[in-house]
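J.: take a look and give me a structure for this.
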Amino acid sequence: MPITVKDELPAIARLRQENVFVMPKTRAKTQEIRPMRLAVLNLMPNKVETEVQFIRLLANSPLQVNVEFLRLDTHRSSVTSEQHLDTFYRYFSEVKDNNYDALIVTGAPLAHLEYDDVAYWEELKVIIDWAEQHVTSTLFSCWAAHAALYHRYNLKRDLRATKLSGVFSHQCYFAHGALTRGFDDQFLVPHSRFGHIDINKINTCDDLVVLAGSDKVGAYLIKNKSGSQVFITGHPEYDAHTLKDEYMRDREKNPNAPIPENYFPDDNPENEPSKTWQSHAFLLFSNWLNYYVYQTTPYDINLVSQDVRTNNYAE
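T.: Okay, the predicted model is just below:
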């Protein structure tokens, strides 16, 4: 949340250089506040687990966020019951005329499929384009991040020979980036993916900024210059046991499946893993909701379609 101080306070200029949002009292008097309206397009098979993971991160903000879960018209879940989906989800076709302050598009276990071979690819392309006119800021997670970068910027992913799986150290590439405000110099994030887009390819796009990553994982946190699109290639939402569950499933198919790196104590799958990335996950989502949703979205949500964004936090 922003700090409100007297307009003349000298500290304001310095704090703004660090992307710390300080609101002069003159603006605070005219500010109108309403709940944020956020949609989650949940592409994961185990939708209940994913719901818990993302709501946990969203609930850490002091902002009131009204969350709706969306489902695709062209796809049926084989894992989550229709009763659950009918009760708690809305089809995209039901909401396509609505505007939202924020949208999250989750990952999906589609690592080895070409995008054109994904059953719902055409509908997903429509949603990615729709979001640019109906959503103030959209956050794409893991597979969805690569899919959106391909559709919007023609950045085609490569597939690794083995899955990148584990908990890896990252660095911020900007001293006072809004999305990474409060991060340590080194921070941890889980990854579980085959897809990879070379960071040099991303840097050729004038509209994209790589905010964080590492030599091991490549680009982790990316945004377009306006902040209307944010891409994360890892899984900060994961629970402590999520990578373990994935590893056990992989091992059933391949007894020689590699053990997730830097995850199990002593690299022994018999040892219980710890959650070492939660604080930065909370910070990332709080910063996104604050800087690129709350501080940016118009009070009249009907104006979102007119591309009214009141701030542009250059990283």
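J.: how many neighbours does residue 290 have?
T.: 20 (other C-beta atoms under 10 Å). For the C-beta atoms, the positions are set from N, CA and C on the backbone; glycine is no exception.
J.: ok so it is a strand residue?
T.: No - counting by DSSP: H, G, I helix; E, B strand; the rest coil, residue 290 is not found in a strand; it is helix.
J.: that one is in contact with residue 60, isn't it?
T.: No - counting by C-beta atoms under 8 Å, residue 60 is not a contact partner of residue 290; they are 11.3 Å apart.
J.: mind jotting down where the strands sit in the stretch 51-200 of the chain?
T.: 65-71, 89-91, 100-105, 135-141, 158-172, 186-196 (DSSP state E, counting those that start in this stretch).
J.: spatially central residue in this structure, please.
T.: Centroid-nearest residue in the chain: residue 139, 4.0 Å away (criterion: C-alpha atoms, centre = their mean).
J.: what's residue 158 in contact with, if anything?
T.: 195-198 (C-beta atoms under 8 Å, 6 or more residues apart in numbering).
J.: distance of it from residue 111?
T.: For residue 158, the distance to residue 111 (C-beta to C-beta, to the nearest Å) stands at 12 Å.
J.: which residues are common contacts for the two?
T.: Common contact partners of residue 158 and residue 111 (C-beta under 8 Å, 6+ apart): residue 195.
J.: what does the pLDDT read for the nearest residue to residue 142 once chain neighbours are set aside?
T.: Leaving aside its chain neighbours, residue 142 sits nearest to residue 107 (3.3 Å; criterion: C-beta to C-beta, 6 or more residues apart in numbering). On pLDDT, residue 107 comes in at 93.
J.: who's in contact with residue 107?
T.: So residue 107 contacts 43-44, 141-145, 235 (C-beta under 8 Å, 6+ apart).
J.: how much space separates it from residue 70?
T.: 15 Å.
J.: residue 191 reaches residue 164, doesn't it?
T.: Yes - between residue 191 and residue 164 there is a contact under C-beta under 8 Å: 5.0 Å.
J.: what is in contact with the two at once?
T.: residue 217.
J.: neighbour count for the two, which is higher?
T.: residue 191 (23 against 20).
J.: not counting sequence-adjacent ones, nearest residue to that one?
T.: Per C-beta to C-beta, 6+ apart, closest to residue 191 is residue 234, 4.5 Å.
J.: what about that neighbour, how many residues close to it?
T.: 27.
J.: quick one: least confident helix or strand in this protein?
T.: Lowest on mean pLDDT, DSSP states H and E among the helices and strands of the chain sits strand 3-5, with a mean of 51.
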